[in-house]
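S.K.: Next one to model:
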Amino acid sequence: MHFSDFGLADSLLRAVVARGYTNPTPVQEQSIPHVLAGRDVLACAQTGTGKTAAFALPILHRLSNANDAAQGKGAPRGARKIRVLVLSPTRELTAQIFDSFRAYGNHTGLRSTVIFGGVGYRPQVQALQQGVDIVIATPGRLLDLMQQGHVDLSAVETFVLDEADRMLDMGFMPDIRRLVAKLPAKRQTVMFSATMPEPIERLANAILRSPAQVRIAPVKETTELIEQRVCFIPTKLKPRLLTKLLGLGVERAIVFTRTKHGANRVTKQLCAAGIPAQAIHGNKSQAARQRSLASFKSNRPPVLVATDVAARGIDVSGVSHVFNFDLPDEPETYVHRIGRTGRAGANGIAIAFCDQAERSMLKSIERLIRKQLVVDQHHPIESLPAAPAPESAGPRNGGGSSRSGGGNRGGASRSGGGGGNGSGKRRPEQRGARTNRASQRSDNRHSNGGAASGGSSNGGSQSTPAPQRPKRRLASAALGR
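M.R.: As a prediction, the model looks like this:
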């Protein structure tokens, strides 16, 4: 099948050819006819399969066909009213959708604008005052401008929710309800997403009217183009493993962390190891986020460290690897994270780092994708690069334990008075090794990750009080959440 088979306007077909598209993807092939017919649509397809074009092309066709009658190409600029509203959860995805509408509609005479936070109001207000046909927005800034009297949604003909599961499931529902209440009752509503859990589908059906449902692949299946692996490793050793793996033929990579503070910390560690990296997260200004993303797209630097603000909406060709430095709290987020690689028919590699405390998250991910991740056995801790100088006066791994025959969890050895006792206490290394008991807890904590350390030369320093700097870092990490 070809795009010309849909009966799209010549201006759109020229734009499609200019983008290098030849044949529609399955989600485009099944969705475009329904959107062209004016039906409500609920569509699920794997990330990277062309969902934006699946709704943008038919919407632009309908608007361009009605442009002369409804708007008049010679009408005053301010006479145009918003006829299409597209909502998405992140600024990056919103900007990407806007770029697609602008590229596809380059020869249609239609006007579109983008609205999101983190930037000044004035340019957005001016664009609205001049008159636009299409608005692509995040909910928060759009509501702000509505309250200021700059946005009129009374003429909207088509309402699109992109990444609908995220929009409805992650705290956006009150904003969505407020916006829907301002839309005309007679309208077309289209929802596109990579995942659609059953509870979210019920919410979506409350907004849609007899929707055409498009499901290209099982909702919980991840693309076969992505090789997925997991490395079981203690959190303390994750930076060293990441540094090692990034030096093994990685062309371009995105590293996902759970917190903004963690993204900054990992970025500093990589730069200190000689690996250029930049961070992108919600605490960065929008200008800084756009600069980081533009640099990453130009492969300067080759590593982007991000929170889940980049799990959706980052469409960069040539991303060879995705590293889940921290496993996500929500298993669906894992699907979106790894979807930043393996796009447009290319192969990709997704590697997850899993600490003992993250095992339950891993199980949830495996239940969702209906497969077990392959365990990567080729990262022995003994072969990792040397660790930086210790931050505390106590010995690394708490007691200078040496490997003994009992195994990682239950075996105990003594060095300078300390040894592992299997107590299972968490994170004593952040409180300092003040006593033999603290030393024992630290030894057991790290042994749980699957690695016993070699003998310590600092065996006699176990009772030395640790400095306070690790405590301040712990407080900082808590604030970062």
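
S.K.: Where does the prediction get shaky in the stretch 351-481 of the chain?
M.R.: 378-481 (pLDDT under 70).

S.K.: again, only using 90
M.R.: Along the stretch 351-481 of the chain, segments meeting pLDDT under 90 span 368-371, 376-481.

S.K.: do the same with the stretch 1-150 of the chain
M.R.: Using pLDDT under 90, the stretch 1-150 of the chain drops low at 1-2, 4, 17-23, 44-51, 64-80, 89-93, 95-96, 106-109, 117-120.

S.K.: now the helices: where do they sit in it?
M.R.: 10-18, 26-36, 51-70, 91-104, 122-130, 139-147 (DSSP state H, counting those that start in this stretch).

S.K.: Which residues belonging to the first one are considered buried?
M.R.: By neighbour count on 16 or more other CB atoms under 10 Å, the buried set for helix 10-18 is 11, 12, 13, 15, 16. Using the backbone N, CA and C atoms, a C-beta is placed for each residue, glycine as well.

S.K.: Dump those into JSON lines; add distance to residue 107 as well.
M.R.: Converted to JSON lines, the buried residues of helix 10-18 look like this (distance: CB to CB, whole Å):
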{"residue": "11", "distance to residue 107": "4"}
{"residue": "12", "distance to residue 107": "8"}
{"residue": "13", "distance to residue 107": "10"}
{"residue": "15", "distance to residue 107": "7"}
{"residue": "16", "distance to residue 107": "11"}
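
S.K.: List just the nearest of those to residue 119.
M.R.: residue 15 (26.7 Å; CB to CB).

S.K.: circling back to that earlier point, and the helices of the stretch 1-150 of the chain as CSV, adding distance to residue 202?
M.R.: As requested, the helices of the stretch 1-150 of the chain are exported to CSV (distance: least, CB to CB, whole Å):
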stretch, distance to residue 202
helix 10-18, 35
helix 26-36, 21
helix 51-70, 21
helix 91-104, 24
helix 122-130, 34
helix 139-147, 20
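
S.K.: Residue 284 is nearest to which of the ones you listed?
M.R.: Per CB to CB, nearest to residue 284 of the helices of the stretch 1-150 of the chain: helix 91-104, 10.5 Å.

S.K.: what comes up buried for that closest one?
M.R.: 91, 92, 93, 94, 95, 96, 97, 98, 100, 101, 102, 104.

S.K.: Apart from its neighbours in sequence, what residue is nearest the last one?
M.R.: To tie it back to what came earlier, the one meant is residue 104. residue 15 (4.8 Å; CB to CB, 6 or more residues apart in numbering).

S.K.: so that neighbour touches residue 105, yeah?
M.R.: Yes. The pair residue 15 and residue 105 passes the contact test of CB atoms under 8 Å, sitting 7.3 Å apart.

S.K.: Apart from its chain neighbours, what residue comes closest to the one residue sitting closest to the centre of the chain?
M.R.: Geometric centre of the chain, nearest residue: residue 311, 0.9 Å, by CA atoms, centre = their mean. Distance criterion CB to CB, 6+ apart; nearest residue to residue 311, sequence neighbours excluded, is residue 336 at 4.3 Å.

S.K.: got the buried residues for stretch 28-43?
M.R.: Result for stretch 28-43 [16+ other CB under 10 Å]: buried residues 28-36, 39-43.

S.K.: from those, which two are the most distant?
M.R.: Using CB to CB, the pair of the buried residues of stretch 28-43 lying farthest apart is 29 and 40, separated by 18.6 Å.

S.K.: about what we covered before: can you tell which of the helices of the stretch 1-150 of the chain is closest to residue 173?
M.R.: Here helix 139-147 is closest among those (CB to CB), at 10.0 Å.

S.K.: helices or strands next to the closest one in the packing?
M.R.: Under the contact criterion of 3 or more CB pairs under 8 Å, 6 or more residues apart in numbering; DSSP states H and E, helix 139-147 touches strand 112-115, helix 122-130, helix 173-181.

S.K.: Neighbouring strands of the shortest one in the sheet, and parallel or not?
M.R.: Within its sheet, and counting by DSSP bridges, strand 112-115 is paired with strand 134-137 (parallel).

S.K.: Go ahead and name everything in contact with the strand it pairs with.
M.R.: Outside strand 134-137, the residues that touch it by CB atoms under 8 Å, 6 or more residues apart in numbering are 59, 63, 82-88, 94, 97-98, 101, 105, 110-116, 128, 142, 151.

S.K.: list the helices and strands the helix or strand containing residue 261 packs on?
M.R.: Element membership for residue 261, per DSSP states H and E: helix 260-272. Judged by 3+ CB pairs under 8 Å, 6+ apart, helix 260-272 is in contact with helix 238-246, strand 277-280, strand 303-306, helix 469-480.

S.K.: same thing but 6 Å
M.R.: strand 277-280, strand 303-306, helix 469-480 (3 or more CB pairs under 6 Å, 6 or more residues apart in numbering; DSSP states H and E).

S.K.: what's the pLDDT at the residue lying closest to residue 297 once chain neighbours are set aside?
M.R.: Excluding the flanking residues, the one nearest residue 297 by CB to CB, 6+ apart is residue 316, at 5.3 Å. With respect to pLDDT, residue 316 has a value of 78.
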